[in-house]
Each structure stands twice: as structure tokens, then as C-alpha cells.
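>>> the sequence isn't on hand, but the structure is:
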């Protein structure tokens, strides 16, 4: 009980002490030097460190091409978001004086709306107010702190040269990033120096003087809130209270670095500096700059740092002996040289043998290898073993072909028409001996890849969501999205999974039923090359990861697929796990085996035009058969002969209006091949019958 009472007393004393640290009362204020009671309470303006550089859909670093952007005003720009926290013991407080400068002209009292040159706005001199603690007494003094530009349309001040934003290459021998080689430059007028928010409310933006430990709690600041926490866009006073932060997002004008034309893609540093002219008096003048690494991807191709993808015709990486596939580098720019692993020196090559194909690409920015392409070549399967069939007279033959693989039948030794499939082939009625060709086919499955987060636990924190947000991905060579894994919090009937292009045109959809828990959903969506595809859902709540930090994007299958992010940025992963990506199968064919249907007595062929509309059914048969035909003759003799030519049944039929019809009982006959023989007008007609 005493312990709890002491804690309560200490907490009350802390609150009381904090309440006594204001710009009018220094009782609870602490000096930077422990134990000191007479000191200036100075601000310490830093540059916020990650995550303020982290890429996001709307904020963070945004790179644009030199030309061809939707908004030409973005051409050649690298937008940045910069935060400027005050981690010092006192506020940064800036106020204006009634002195205005227009180049060489000075005005007092009231600012002109525009300078005499009709172009520039007047600059107003500003002072910095420094608060001083003398025991319990708070006083202040002022000092010159540069200029602000007064904008009468905005009715507030813009601090001149608030920050410089630069792109540089690292010099490993130079410890100060501000001295590294400069490539691109941008400078920013402060829109307003204000208390945008608190350090506890913006975790990670405020660090200690060593730039290591995050200051995310009010207890991390001895004089937290000194300044009042209410500095805003006043036309006369602006500032940042102790423990507060001002953030300049990419959406504000001027938050960019100009990238020079001809800049190569690759690894650089964004080096930002706040108060570059050192106009403000601070506790620490050494933490006003910060260097953050960045890889540029939208400037001139640099083969040394790019993922150089290869187009594979029809995504055919499995070949049969004698086949080939066209490969091409997926770039199109001048002054590039190529050297393929097979010796070719153009953008394209043809692969016909097994192996790993790559191409070294060189331009003025460097040299680098492409993503490798693994080509597999299979030999032809062995040809089927054929079994000819001999029939005594014109009719139907049964041909056989033995093979461990599926067999198809053709009417030509190459090309021709597909006439049947399977190990046996029943010919049509033949009048002469005829050769058919049996071909064996062996199918080889295409490559299989897994992409995306493996499961819902792999992404850390998450929850179930009914939103229609999407995963965004690129396709570089066609593939089939065979299946994905989803996690439902309850049974869902008619869950709709949809594929959209970058313009939100629906490309494919599937409606499935899922149960509570994990479900593998088969989609079999054919995906063709495109950028910015979206996979989404509707109709029920599915699990998504949302830890708030980059979840590891991009998830990439080289040369084929890259899941680049989500519609809510890199801190979210929506719904679809364990992507099963499949490439096309390929079927290899043997050389064709000739198989003959031989007719022993081809000269006994009838004039088939005498018999019309002949039907024999069922065939094969078991107990009985029926036949029908038409003839101009009034009579016809019908016989059933075995394969030796022996007559088993004979019956004379008479026409009814040129139509002949009859049924026969064959239940006593053995299984085998028989022939129906029709004799009319002195001519013979034969048709094969199979009794099972």
C-alpha cells in the first residue's frame, strides 16, 4: 500500500512540475546540463529519420521519369517527405518585425503586396525568441534569425531556406554527407513552421541526439510541450514546441529534388539539411542533416543495378528435340550492346538446346547480366509398335499401336488429319488397303513457382477485412495463376475473386465457396504481360496483414511476376497468400509408325452408289443387330459371314418404297469380327461387325 501511495505521489509531483514549465513559469523546467538552474532553453531541430523516407502510395519518396509522366510538371523530379522534430529543451519560436526588404529597397511598417519589380514578394526580417530559466523565473531574449517571405494571398510567412534537399553519390572517404558529390538539388520555403503534431503521435520521427533511440513518449522530453503546443500559421509568430514535430509531405509545393537528364539508375543518397544557413540558435548544430539511401529506377537504364528481364516467346521454357524458342531483352533504348551466352550480339536470340541463357547488356551507365532463362530439352518418345489388320474383303479394319504414352492416329506420315486416338483405331469402310500412322505423345509439365507471403502468419500483425483493397502486381511473361490461399473468419458462399488491369477493367473473375480458416482456391487465371494488375475480392471478410511497416515488397519470381505492393501501401498485404504460378506444359511427339489395314480381295468391291443410307447398329453388338439401307432394286440378299468367309446367316429382303430394314438375332454367335454382306444387282457390299 505504501509503495502504491509513493507512486501516486511521484506521478502527481511530475504532473505538477510539468505544469510549472511554461513560457511564463520556469519552476518545473530543466536545463540541458543536469543540476543547472540558470540556462537558455534552446530548441534542437533535427531531420526526422526513417520511416519518413519510407515509400508509400501517396507519401514518402516518389520518383518520376525525365519525360512521359501523366503530369509534365513531375518530369525529372524526386519528391520527398521531410519531418523536422524539435527534441530540445526549449521551443523554436520565430516572430517578425515590421521591416521588409525588396532586393535593395527597405520598407517599414506595412509590407507592400509585391516588390517594385512586380515579380518578387517582400521578405520580412524575423527574430528568434530564446527562453531563459533563472531558477523559477522565465525570461526571454531575441536574436536576428534571417528572413521570411510574406505572402499576402496566404496571409502568413514562409521561412526562407528552411531546408535543402539534395541527391548525392557517397564518398567513402568523406564522413560529412553534405560534402559528397552533388547531383540534384532542391530547396524549400517553410509553408508554415508549426506544431504539426507530437513526437509520441508520430513514432520514429523523433530520435535522441545520437540519432539512435526513438523518443516516442512525453517522458522522453524533460520540458515536453514548452512553447504551448499550439504554434500555427500565424502571420506574426510561428514555431515548434519541445517534443513536437513539423512534417512537410510530398503533396506540398517545392518538396522535390531536380534530377539531371542522363542520370543513371542505381544507388544514391538523399541528403537533407534543415536550417542550412544556421540562422537558428540550437542545442546541437550537428544533427541538422541526414543521408538516406535510395535506388533510382526511372532514369537511364543502368545494367549494373537493374533486374534485366527476358521475354520468352509463349513462356516456353520446356522444348522437344528439334524445337526452339525466341528470347529477347525487355528493354528498348539506343546505344545498348548485347552479348548472349550463346554468342549472339543482338537484342534477340534463339534457344534450341538445353542450358541457361543470359545476356550481358552494356551502355554508358554500366554493364550487367540479365535474369537467367533455364531451357530444358526432352527427347522424342519412342515410336509406337503397330499391329496391322487384314480383312478378306472391303470393310472396316481395327488397327493397334502399343506405347506407354497416349497415341494419336493420322492419315499422313507428317501433318495430315487427326483421325483417332487411343491404342486401337477402327477405320472407316475401306475399299482398298490403306496405311494409317500412329504417333506417341509425352507431356512434360511446365515450371511451377510460389510467390507472395507464404501464409497469414508470415506478415506479422493482421486482421480480417471486408474492404475491396487489392494486391498490385506486374506480369513480364505469361503464366497461369493456378491457385492462392485465403483465410476466412467464417464460411462464405459466393466469394468473388477478381483480376483487374491498371485502368480497373475487369479481366477475369471466379466465384467460390470457402470455409472458416485456410482455403486453397483454384483460379487458373491466364495472366499476360502487363504492369499494375490488381487481384481483389468481394463478398466476405478475409485475413490481411497490416503491421504498418514494409512487408517485404516486392515479392518476385524473376522474369515472370512481381507483387509490388497493395492499394494501401507497403504496410498492408491483402488476402492472397502462397501464389501457385505455373508455366505452359509441352507435349513431345514420336516419329509416326505406319500401320496398314490390308484387304485381301479388293477386286470384290461393290459399286457403293447402289446402296444408300446404310446403317448397322449397334456395332459392336451382343444379342441382336438391325440394319437399314436404300436401293433402287426391289430385292437384296443379306448374309453374315465370319472372318474365314463362312456363311452363318442368310436372308432375302424385299424393299418397301426403296427402303430395306431387318433385324437379326446374334445371341448364339461367339465374340469376334464378322462381315455383313449385301448382294444386290449382282454387286457386293461389305461392312464389318464386332460382336462382344
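Happy to help now that I have it. In this text the structure is predicted, and so the values were computed from the model without any measurement. Residues are numbered from 1 along each chain as shown.
>>> buried set for stretch 100-118?
For stretch 100-118, burial by neighbour count (16 or more other Cβ atoms under 10 Å) applies to 100, 102, 107, 111, 115. Placement of C-beta: from N, CA and C, glycine included.
>>> and if you look at stretch 166-184?
Neighbour-count burial for stretch 166-184, counted by 16+ other Cβ under 10 Å, picks out 166, 167, 168, 177, 178, 180, 183, 184.
>>> A strand includes the last one, no?
Yes - inclusion of residue 184 in a strand is indicated when DSSP: H, G, I helix; E, B strand; the rest coil is applied.
>>> residues near residue 216, how many?
Other residues near residue 216 come to 17 when the count uses other Cβ atoms under 10 Å.
>>> residue 399: what's it in contact with?
By Cβ atoms under 8 Å, 6 or more residues apart in numbering, the contact set of residue 399 is 386-389, 409, 424-427, 436, 438, 595-597.
>>> any idea how far residue 375 is from it?
Taking Cβ to Cβ, to the nearest Å as the measure, residue 399 falls 37 Å from residue 375.
>>> how about residue 445?
15 Å.
>>> check residue 63 too.
Look at residue 63 and residue 375: by Cβ to Cβ, they are 35 Å apart.
>>> got it, and residue 214?
To residue 375, residue 214 is 51 Å away according to Cβ to Cβ.
>>> more neighbours, these two?
Neighbours were counted for residue 214 and for residue 375 using other Cβ under 10 Å; residue 375 has more, 20 against 15.
>>> what helix or strand does that one sit in?
If you go by DSSP states H and E, residue 375 is part of strand 373-378.
>>> average pLDDT for that strand?
Averaged across strand 373-378, pLDDT comes to 96.
>>> and if you look at stretch 291-305?
Across stretch 291-305, the average pLDDT comes to 88.
>>> skip the chain neighbours and tell me the closest residue to the most centrally placed residue in the chain.
The centre of the chain sits closest to residue 473, judged by Cα atoms, centre = their mean, with a distance of 1.7 Å. For residue 473, the nearest residue in space outside its immediate sequence neighbours is residue 563; the separation is 4.5 Å by Cβ to Cβ, 6 or more residues apart in numbering.
>>> same thing with residue 487?
Sequence neighbours aside, residue 543 is the residue nearest to residue 487 in space, at 3.8 Å (criterion: Cβ to Cβ, 6+ apart).
>>> now swap in residue 443 and tell me
In space, not counting the residues next to it along the chain, residue 443 is nearest to residue 587; the distance is 4.6 Å by Cβ to Cβ, 6+ apart.
>>> okay, and that neighbour sits in which element?
Assigned by DSSP H and E, residue 587 falls within strand 586-589.
>>> can you give me the buried ones in that strand?
Along strand 586-589, these residues count as buried under the neighbour rule (16+ other Cβ under 10 Å): 586, 588.
>>> mind checking how far the residue nearest to residue 487 is from residue 572?
For residue 543 relative to residue 572 (Cβ to Cβ), the value is 12 Å.
>>> do the same with residue 545
Distance, residue 545 to residue 572, by Cβ to Cβ: 7 Å.
>>> is it true that the residue nearest to residue 487 touches residue 463?
Yes - with contacts counted by Cβ atoms under 8 Å, residue 543 reaches residue 463, the gap being 7.2 Å.
>>> which SSE is immediately downstream of the least confident helix or strand in the chain by mean pLDDT?
Taking mean pLDDT, DSSP states H and E as the measure, the chain has helix 2-19 as its least confident helix or strand, at a mean of 36. Note on helix 2-19: by DSSP H and E, the next helix or strand toward the C-terminus is strand 21-22.
>>> and that following strand, what's its mean pLDDT?
The pLDDT scores in strand 21-22 average 96.
>>> repeat that for stretch 541-559.
Stretch 541-559 carries an average pLDDT of 89.
>>> now do the buried residues in it.
541-546, 551, 553, 555-559.
>>> quick one: neighbours of residue 132, just the number.
Neighbour count for residue 132, taken as other Cβ under 10 Å: 16.
>>> ok, what's across the strand from it?
Per DSSP bridges, the residues bridged to residue 132 are residue 40, residue 139.
>>> pretty sure it is touching residue 42, no?
No - using Cβ under 8 Å, residue 132 is not in contact with residue 42; the gap is 9.9 Å.
>>> for the residue nearest to residue 473, give its distance to residue 673.
Counting by Cβ to Cβ, the gap from residue 563 to residue 673 is 61 Å.
>>> then residue 322?
Relative to residue 673, and taking Cβ to Cβ, residue 322 is found at 39 Å.
>>> neighbour count: those two, which is higher?
Higher neighbour count among residue 322 and residue 673: residue 673, with 17 against 10, using other Cβ under 10 Å.
>>> skip the chain neighbours and tell me the closest residue to the more buried one.
residue 643 is the one closest to residue 673 (Cβ to Cβ, 6+ apart), at 5.3 Å.
>>> isn't the one you found right next to residue 670, touching?
No - between residue 643 and residue 670 there is no contact under Cβ under 8 Å: 10.9 Å.
>>> more crowded one of these two?
The neighbour comparison of residue 643 against residue 670 (other Cβ under 10 Å) goes to residue 643, with 13 against 8.
>>> and the gap between the more buried one and residue 401?
From residue 643 across to residue 401, the span is 21 Å (Cβ to Cβ).
>>> swap in residue 273?
Per Cβ to Cβ, residue 273 is found 81 Å from residue 401.
>>> settle it for me: which of the two has more neighbours?
Each of residue 273 and residue 401 has its neighbours counted (other Cβ under 10 Å); residue 401 has more, 24 against 20.
>>> where's the more buried one, which helix or strand?
Element membership of residue 401, judged by DSSP H and E, is strand 398-402.
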